[in-house]
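> Output the structure for:
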Amino acid sequence: MIQIFHNSRCSKSRHGIAYLEESGKPFEIINYLEETPTEKELKEILKKLNYAPIDLIRKGEKIWKENYKGKELTDAAIIKAMITHPKLIERPIVIHGNKAVVARPTEKIDDIL
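Numbering: from 1, shown residues only. Below you'll find the predicted structure:
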């Protein structure tokens, strides 16, 4: 089953859902601000994306700038920051099997369908 990690306030997330709806393929919406991924789930997502934890951070977020920017952080500390502040997680993330993409632009979803 295709999954999309979604934030309803994000236009890119809404575009990702519309794109998946147009594909006609079944998918599951995960509101990650309410259903925060666990450490294990985030590590699995990072592996599927082939990303380092820092690559999944929204570095423009106020939380990042005020609490983390400019600090030397381990991967574990960055993952903990994403769990503590899920708003820091880049979006939308679309997962299909063992593959995942950050759907920016939305058409990147095609890479895993």
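
> Have a look at this structure and report its longest helix.
Longest helix of the chain, by residue count under DSSP state H: helix 11-23.

> neighbouring contacts of that one?
Residues outside helix 11-23 that contact it (C-beta atoms under 8 Å, 6 or more residues apart in numbering): 2, 4, 6-8, 27, 29, 91-92, 94, 103-104, 106-107, 109, 113. In short, each C-beta sits where N, CA and C put it, glycine included.

> Mind checking the pLDDT average for stretch 8-17?
Mean pLDDT, stretch 8-17: 93.

> Please apply the same query to stretch 39-49.
On average, the pLDDT along stretch 39-49 is 98.

> on that earlier part again, which one of the contacts of helix 11-23 is nearest to D55?
Comparing the contacts of helix 11-23 against D55 with C-beta to C-beta places R104 closest, at 12.3 Å.

> burial of the residue nearest to the closest one when sequence neighbours are not counted, as a residue count?
Among residues not flanking R104 along the chain, K12 sits closest, at 5.8 Å (C-beta to C-beta, 6 or more residues apart in numbering). K12 has 16 neighbours, counted by other C-beta atoms under 10 Å.

> Tell me the buried residues in stretch 68-79?
For stretch 68-79, the neighbour count (16 or more other C-beta atoms under 10 Å) marks 68, 73, 78-79 as buried.

> got a markdown table for these, with secondary structure and distance to S23 too?
Putting the buried residues of stretch 68-79 into a markdown table (DSSP: H, G, I helix; E, B strand; the rest coil; distance: C-beta to C-beta, whole Å) gives the following:
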| residue | secondary structure | distance to S23 |
| --- | --- | --- |
| Y68 | coil | 36 |
| L73 | coil | 37 |
| I78 | helix | 32 |
| I79 | helix | 30 |
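
> so where do the helices sit in the protein?
Shown for the chain, the helices assigned by DSSP H span residues 11-23, 39-49, 62-67, 75-84.

> What is the burial count for S23?
By other C-beta under 10 Å, neighbour count at S23 equals 13.

> what does E44 give?
15.

> Equivalent analysis for P92, please.
28.
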